[in-house]
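Asker: Fold the following for me, if possible:
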Amino acid sequence: MRNWFSAYILCGLLLLCCKDSSHATPKAIKPKTALNNNVDSIVILKNARQMQVYHKGRLLKMYHVSLGPEPVGAKHFQNDGKTPEGIYHIDGKNPYSHYHKALGVSYPSEEDRKYARKFGRPTGGDIKIHGLPNGYKGDPDDEINDDWTLGCIALNNVEIDELYEHVTVGVCVNILP
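Answerer: Alright, predicted model coming up:
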């Protein structure tokens, strides 16, 4: 019951965070369709390893994502291998990342910092939505099925290229369990 209630609260906060974000239940979408609108909100469902991107409440596309090696639970501390949970925003874009291209995620929030301070530990940071490592020897179009990041959200290079083109700084990112 607590997880359901927490998800309900997070979705309510997402509505406050993101302009016009009345996200309906997604219908099946062809995975290779191109984005044709700018993205105004991003929802990441960690359990499903899925990223959903929206424009004015309409689902534009879904992507398969890879997470940190400890995907269950919210990131609380530096080097815990977890991907954050909560409402953040895109706080930067880096076309010269060590991981092809990267979109910065505004982790840690003030709540994240308070939690870590309570335990006398650092929060870590530098959470990104990014592509594959530069120098990756496999097919850059491959869908990566393992959780291999240090807590970031990873797409293949073709997908991050597409997303990068359609996302601006300030876009809301809701990361759910």
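
Asker: Count the neighbours of the closest residue to Val171 other than its chain neighbours for me.
Answerer: Nearest non-adjacent residue to Val171, counting by Cβ to Cβ, 6 or more residues apart in numbering: Ile90, 4.5 Å away. Quick note: C-beta positions are derived from backbone N, CA and C, even for glycine. Residues lying near Ile90 (other Cβ atoms under 10 Å) number 20.

Asker: Give me the sheet partners of the helix or strand hosting Ile90 and which way each runs.
Answerer: If you go by DSSP states H and E, Ile90 is part of strand 86-94. Paired with strand 86-94 in the same sheet, following DSSP bridges, are strand 102-105 (antiparallel), strand 172-176 (antiparallel).

Asker: now those as JSON lines including distance to Asn36 and mean pLDDT?
Answerer: Below are the strands paired with strand 86-94 laid out as JSON lines (distance: least, Cβ to Cβ, whole Å; pLDDT from 0 to 100):
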{"stretch": "strand 102-105", "distance to Asn36": "19", "mean pLDDT": "98"}
{"stretch": "strand 172-176", "distance to Asn36": "20", "mean pLDDT": "98"}
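
Asker: how close does the most far-flung residue of the chain relative to its centre get to Phe77?
Answerer: Outermost residue of the chain with respect to the C-alpha centroid, by Cα atoms, centre = their mean, is Gly120; its distance is 26.6 Å. Gly120 sits 10 Å away from Phe77, going by Cβ to Cβ, to the nearest Å.

Asker: chain center to stretch 165-177: distance?
Answerer: 7 Å (Cα atoms, centre = their mean, to the nearest Å).
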